[in-house]
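Enquirer: A structural model of the following input is requested.
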Amino acid sequence: MQQLFNRRAVITGAGSGIGAAIARAYAAQGARLVLADRDAERLSATANDCRALAVEVYECVADVGTVVGAQAGVDACVEQFGGIDILVNNAGMLTQARCTELSIDMWNDMLRVDLTSVFIASQRALPHMLAQRWGRIINVASQLGIKGGAELSHYAAAKAGVIGFTKSLALEVAADNVLVNAIAPGPIETPLVAGISESWKQAKSAELPLRRFGLATEVAPTAVLLASDPGGNLFVGQTLGPNAGDVMP
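Expert: Sure thing, here's the model as predicted:
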């Protein structure tokens, strides 16, 4: 039995990394998908992988760093499938700088893409979910939003904001059977970390109890769990941590 059969799901940042892995996992579980990313070529590759699993897939080329782009996936899902059941706010960016060298533009860009887009997309999806009294919003945060990270203060601040937003929104809408949760992965081998220095990655690996970064395919099952019924039914405002032991709440 497919856990997400016929569910209508939007996944942002689906062109690569964790978003692509979640897209493939949702396709394997029978979901109908709207996949959003600003990279059309990568998005198409993910979409084709999902279509090979015999599910409906709509590609939405959009930049969540804009209001219209953050709303685009939800709007496409409503137009294509008549509503939305699951929203995975995964799209994000990652840059590195010491706080003393961090420009206001770097700070604002980070919050716009990694935090504000989560609010905009969630706000767009909520009326549909509340009207049908069923929905799942899954926000991809980071363990650095819990513990912080040197040279990543802007990223950690944005992801801490995602976790706080997740908890607050969960309190607002759980009574209407719309469940909002977060996933806070540890370091994962994805294109997102390609711009981080090798010395930082080596030092980080040595800190982890597993002594290695995770894989996107090791994170995706958590997103399946949170979206599933009955598996995800009791998770409300939670932050689940597939993080190789980097954070132990």
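Enquirer: quick one: buried residues of the helix or strand of the chain at the bottom of the mean pLDDT ranking?
Expert: Among the secondary structure pieces of the chain, namely its helices and strands, helix 198-207 has the lowest mean (mean pLDDT, DSSP states H and E), a mean of 86. Applying a neighbour-count criterion of 16 or more other Cβ atoms under 10 Å, one finds Trp200, Lys204 buried in helix 198-207. All C-beta spots, glycine's among them, are computed from the backbone N, C-alpha and C.
Enquirer: now stretch 1-15
Expert: Neighbour counts over stretch 1-15 (16+ other Cβ under 10 Å) mark Gln3, Leu4, Arg7, Arg8, Ala9, Val10, Ile11, Thr12, Gly13, Ala14, Gly15 as buried.
Enquirer: so what secondary structure elements neighbour the least confident helix or strand of the chain?
Expert: When contacts are defined as 3 or more Cβ pairs under 8 Å, 6 or more residues apart in numbering; DSSP states H and E, helix 198-207 sits against none of the other helices and strands.
Enquirer: Of all the residues in whatever helix or strand comes next after it, which ones are buried?
Expert: Downstream of helix 198-207, the first helix or strand assigned by DSSP states H and E is helix 216-227. Burial within helix 216-227, assessed by neighbour count using 16+ other Cβ under 10 Å, is assigned to Ala216, Glu218, Val219, Ala220, Thr222, Ala223, Val224, Leu225, Leu226, Ala227.
Enquirer: Okay, strands next: where are they in the chain?
Expert: 8-12, 32-37, 57-61, 86-89, 135-140, 178-183, 239-240 (DSSP state E).
Enquirer: count of residues packed around the closest residue to Gly92 other than its chain neighbours?
Expert: Counting by Cβ to Cβ, 6 or more residues apart in numbering, the nearest residue to Gly92 once its immediate chain neighbours are dropped is Asp114, at 4.5 Å. Here the neighbour count serves as a burial measure; for Asp114 (other Cβ atoms under 10 Å) it reads 27.
Enquirer: In this structure Asp114 contacts Thr95, no?
Expert: No: Asp114 is beyond contact range of Thr95, at 10.4 Å (criterion: Cβ atoms under 8 Å).
Enquirer: residues shared between the contacts of these two?
Expert: Tyr155 (Cβ atoms under 8 Å, 6 or more residues apart in numbering).
Enquirer: which helix of this structure spans the most residues?
Expert: If each helix of the chain is counted by residues according to DSSP state H, the longest one is helix 153-173.
Enquirer: how far is that helix from where the chain is centred?
Expert: From the chain centre to the centre of helix 153-173 is a distance of 12 Å (Cα atoms, centre = their mean, to the nearest Å).
Enquirer: Now that helix: buried residues?
Expert: For helix 153-173, burial by neighbour count (16+ other Cβ under 10 Å) applies to 153-163, 165-167, 169-170, 173.
Enquirer: quick revisit: I'd like the buried residues of stretch 1-15 laid out as TSV, including pLDDT.
Expert: Below are the buried residues of stretch 1-15 laid out as TSV (pLDDT from 0 to 100):
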residue	pLDDT
Gln3	97
Leu4	98
Arg7	98
Arg8	98
Ala9	98
Val10	98
Ile11	98
Thr12	98
Gly13	98
Ala14	98
Gly15	97
